[in-house]
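Trainee: Give me a model of this one.
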Amino acid sequence: MAVARGKATAAPAAKANGRGSARAAKSAGGEKRADADTSARMTNREREEHVPVFAIFTAYFGYAVLIAFGYMRDAYRRLVSGLNHSKPGYAPLLSDFDDFYTRRLYRRIEDCWNRPICSGPGAYIDVMERVSSDQNKTIHLTGNSIRALNLASYNYLGFGARGLDEKDHSVDYVIEAMRDYGVSMASPSGELGTTMLHRELEEVVADYLGKEAALVYGMGYATNSSTLPALFGKGDLIVSDSLNHASIVTGARASGAKIYPFRHNDAENLEKIIRNAIADGQPRTHRPWKRIVIVVEGIYSMEGEYCILPEIVALKKKYRCYLYLDEAHSIGASGRTGRGVCEHFGVDTADVDIMMGTFTKSFASVGGYIAGSRELIDYLRFTAPGFVYANSMTPPAVQQAISALRIITGEDGTTIGEEKLTALKRNSNYFRKRLMEIGLEVYGDEDSPVVPVMLYNPAKMPAFSRECLKKGLAVVVVGFPATSLIASRARFCISAAHTIADLEAAVQSISEVADRVMIKYCTPTEQKSVSA
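Mentor: Predicted structure coming up:
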């Protein structure tokens with residue numbers, strides 16, 4: 001039973017239909033890339049030491065002022081207006097501080113998020129203009145739109161919106177699938193929610209990754225949050241990177257397994273935790289752990305960093321742990337042929353027991369997948385709640401994922417996929433380099449399409465976002481609780497649909513905004529020594 005619940009065996013010999021190419025990713029070039037990426041990366045502790053003292057002071061002071069005035073306003077509201085947020089005689093329904101944070105801090109800058117658009121998420125998007133006359137308590141549409149360069153969507157390979165001059169015809173296949181199968185299966189996969197398209201997508205994913213089998217879910221978040229509880233439970237140990245996505249955190253907590261977080265991308269700390277866990281055993285009883293699984297992401301969406309996969313695989317083998325790899329942001333966007341972080345580092349996919357990914361980013365669809373041994377996948381078909389009880393992927397979304405994968409691998413008979421991968425890498429590295437050259441503090445690794453720029457002070461988030469929109473740039477800003485209090489940032493997502501001219505114009509506008517909001521914390525010389 002223990003084997004059926006989690007053990008992923010090695011995949012069989014490579015096939016000529018693409019499974020061999022996934023396995024052949026390990027090369028001298030991949031090993032050199034792993035060494036270069038690891039040596040250039042800063043640890044979290046080094047980053048914290050590098051944060052400007054003035055930025056730390058102003059960030060904490062800004063939060064202190066906002067919280068103090070918020071509580072004062074709440075007190076005034078209760079004493080003078082007699083208003084309360086809960087019914088008389090009832091305990092508060094909402095979490096006290098979360099409700100306070102939303103009302104008194106988030107609402108002030110709510111216009112920087114949830115911006116509706118009225119176009120496809122291509123290189124440019126039309127952002128619907130909104131106004132508020134009551135400090136964002138209510139926000140109204142004006143009926144106008146703002147044409148903006150899209151630096152926010154996860155449209156890494158540009159499949160999200162295509163013009164009439166696009167050479168591929170995958171949209172035609174999506175429309176055909178909708179006509180044949182409808183817009184929704186209206187049923188879980190185990191009942192009437194599985195079609196030939198779903199089976200085909202599972203086979204394509206398994207071949208693409210060099211695994212025996214794969215399972216597709218209707219939602220990316222649920223892929224993590226329902227798979228981890230299905231595989232692990234009481235008596236198991238989940239060793240999770242401290243910056244893993246919320247879906248992993250949710251799944252790990254729901255599993256009932258013990259969770260030990262390790263410092264982000266710190267192999268030394270990871271080994272220490274695993275070694276001590278094996279030596280000490282389970283809390284109180286000191287019995288041996290049933291299983292130990294290491295959970296990491298391919299590219300961390302808030303950091304723009306690759307995981308230290310070669311070192312993690314080495315530790316996994318040394319201590320005989322399982323490895324769960326979330327490739328939501330790396331699959332399709334990393335590696336020479338888009339096969340993800342394993343190909344990027346030259347790591348054999350056989351060394352990863354459980355491979356997870358989503359179709360929502362590089363493939364411009366919805367849903368997610370788990371790939372591994374056939375024994376693992378057969379077990380999940382009957383135990384993973386996100387597969388057993390939730391609606392399956394819609395047929396048009398399934399067809400879009402299939403078409404995108406066919407294009408990336410070149411099975412459509414064109415070079416569109418290769419051109420997109422080349423463009424994404426070129427654009428990402430160009431944009432990252434140019435932001436460094438103008439003095440911004442940029443996080444992340446080379447080749448990563450996620451490019452975070454540090455803002456630090458919470459007041460700079462709305463200022464940066466609003467000023468960028470005025471200049472025709474759609475950007476995402478991120479702060480607490482998605483980051484630590486002093487780690488507010490802007491996160492740019494680069495696409496193959498962008499041109500160098502688009503990105504250069506964006507850099508010029510960002511430089512002007514950066515001067516205005518004062519976020520040029522580095523000189524080009526300093527940036528080279530501290531960037532990840």
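Trainee: contacts, neighbours, all on C-alpha from now
Mentor: Noted.
Trainee: Report the mean confidence score over stretch 501-512.
Mentor: The average pLDDT for stretch 501-512 rounds to 97.
Trainee: scratch that, stretch 377-392 is what I was asking about
Mentor: pLDDT averaged over stretch 377-392 gives 95.
Trainee: For it, list the C-alpha coordinates in CSV.
Mentor: Output of stretch 377-392 as CSV, limited to C-alpha atoms (Å, rounded to 0.1, in the frame of the first residue of the first chain):
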residue,chain,number,x,y,z
ILE,A,377,-1.2,7.7,-11.9
ASP,A,378,-3.6,4.8,-11.6
TYR,A,379,-3.7,5.3,-7.8
LEU,A,380,-4.5,9.1,-8.2
ARG,A,381,-7.3,8.4,-10.6
PHE,A,382,-9.3,6.9,-7.6
THR,A,383,-8.0,9.0,-4.7
ALA,A,384,-7.2,12.6,-5.8
PRO,A,385,-10.3,14.8,-4.9
GLY,A,386,-9.4,17.3,-7.6
PHE,A,387,-9.7,14.6,-10.2
VAL,A,388,-12.4,12.4,-8.7
TYR,A,389,-15.0,15.0,-7.6
ALA,A,390,-14.3,18.2,-9.6
ASN,A,391,-15.3,18.9,-13.2
SER,A,392,-12.8,17.8,-15.8
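Trainee: so how far is that stretch from its chain's centroid?
Mentor: Centroid displacement of stretch 377-392 relative to its chain, using CA atoms, centre = their mean, to the nearest Å, is 23 Å.
Trainee: Need the residues that contact that stretch.
Mentor: 4-5, 185-190, 193-194, 213-219, 222-223, 226-227, 229-231, 370-371 (CA atoms under 8 Å, 6 or more residues apart in numbering).
Trainee: which residue is nearest the centroid of this structure?
Mentor: Centroid-nearest residue in the chain, with CA atoms, centre = their mean: residue 301, separated by 4.0 Å.
Trainee: Looks like it contacts residue 327 (just checking).
Mentor: No: look at residue 301 against residue 327 with CA atoms under 8 Å: they stay out of range, at 10.4 Å.
Trainee: How much space separates residue 60 from residue 521?
Mentor: Separation of residue 60 from residue 521 (CA to CA, to the nearest Å) stands at 18 Å.
Trainee: wait, I meant residue 218
Mentor: 42 Å.
Trainee: These two: which has the busier surroundings?
Mentor: Using other CA atoms under 10 Å, the more surrounded residue of residue 218 and residue 521 is residue 218, with 24 against 17.
Trainee: What score does the residue of the chain most remote from its centre have for pLDDT?
Mentor: Here the chain reaches farthest from its C-alpha mean at residue 80, the gap being 45.4 Å by CA atoms, centre = their mean. At residue 80, the predicted lDDT confidence score is 77.
Trainee: try the one 5 residues further on
Mentor: According to the predicted model, the pLDDT of residue 85 comes to 64.
Trainee: I'd say residue 288 and residue 278 touch.
Mentor: Yes: using CA under 8 Å, residue 288 is in contact with residue 278, at 7.0 Å.
Trainee: which of the contacts of stretch 377-392 are buried?
Mentor: Buried residues within these, counting neighbours by 16 or more other CA atoms under 10 Å: 5, 185, 187-189, 193-194, 213-219, 222-223, 226-227, 229-231, 370-371.
Trainee: What about those residues, which are in helices?
Mentor: Secondary structure from DSSP state H places 5, 222, 223, 226, 227, 229, 230, 231 of the buried ones among the contacts of stretch 377-392 in helices.
Trainee: Look at the closest residue to residue 404 other than its chain neighbours and give its secondary structure.
Mentor: Using CA to CA, 6 or more residues apart in numbering and skipping residues adjacent in sequence, the residue nearest residue 404 is residue 363, 5.6 Å away. Three-state assignment for residue 363 (DSSP: H, G, I helix; E, B strand; the rest coil): coil.
Trainee: so how far is residue 441 from residue 363?
Mentor: Taking CA to CA as the measure, residue 363 falls 30 Å from residue 441.
Trainee: Output the below-cut-off pLDDT ranges for this protein.
Mentor: Low-confidence segments of the chain (pLDDT under 70): 1-49, 81-86, 162-168, 524-532.
Trainee: Let's see the lengthiest strand in it as CSV, backbone CA atoms only.
Mentor: In the chain, with assignment by DSSP state E, the single longest strand is strand 140-150. In CSV, the C-alpha atoms belonging to strand 140-150 read as follows (Å, rounded to 0.1, in the frame of the first residue of the first chain):
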residue,chain,number,x,y,z
HIS,A,140,-16.7,52.4,-11.5
LEU,A,141,-15.9,51.8,-15.1
THR,A,142,-15.8,54.9,-17.3
GLY,A,143,-16.5,53.1,-20.6
ASN,A,144,-13.1,54.0,-21.9
SER,A,145,-10.0,51.7,-22.2
ILE,A,146,-6.3,52.2,-22.1
ARG,A,147,-4.1,50.5,-24.7
ALA,A,148,-1.1,49.1,-22.7
LEU,A,149,1.9,46.9,-23.2
ASN,A,150,1.2,43.7,-21.4
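Trainee: Going by neighbour count, which residues in whichever helix or strand comes after it are buried?
Mentor: Later in the chain than strand 140-150, the nearest helix or strand by DSSP states H and E is helix 170-181. Neighbour-count burial for helix 170-181, counted by 16+ other CA under 10 Å, picks out 170, 171, 174, 175, 177, 178.
Trainee: Would you mind pulling up the elements that helix 170-181 packs against?
Mentor: Counting contacts by 3 or more CA pairs under 8 Å, 6 or more residues apart in numbering; DSSP states H and E, helix 170-181 packs against helix 395-409.
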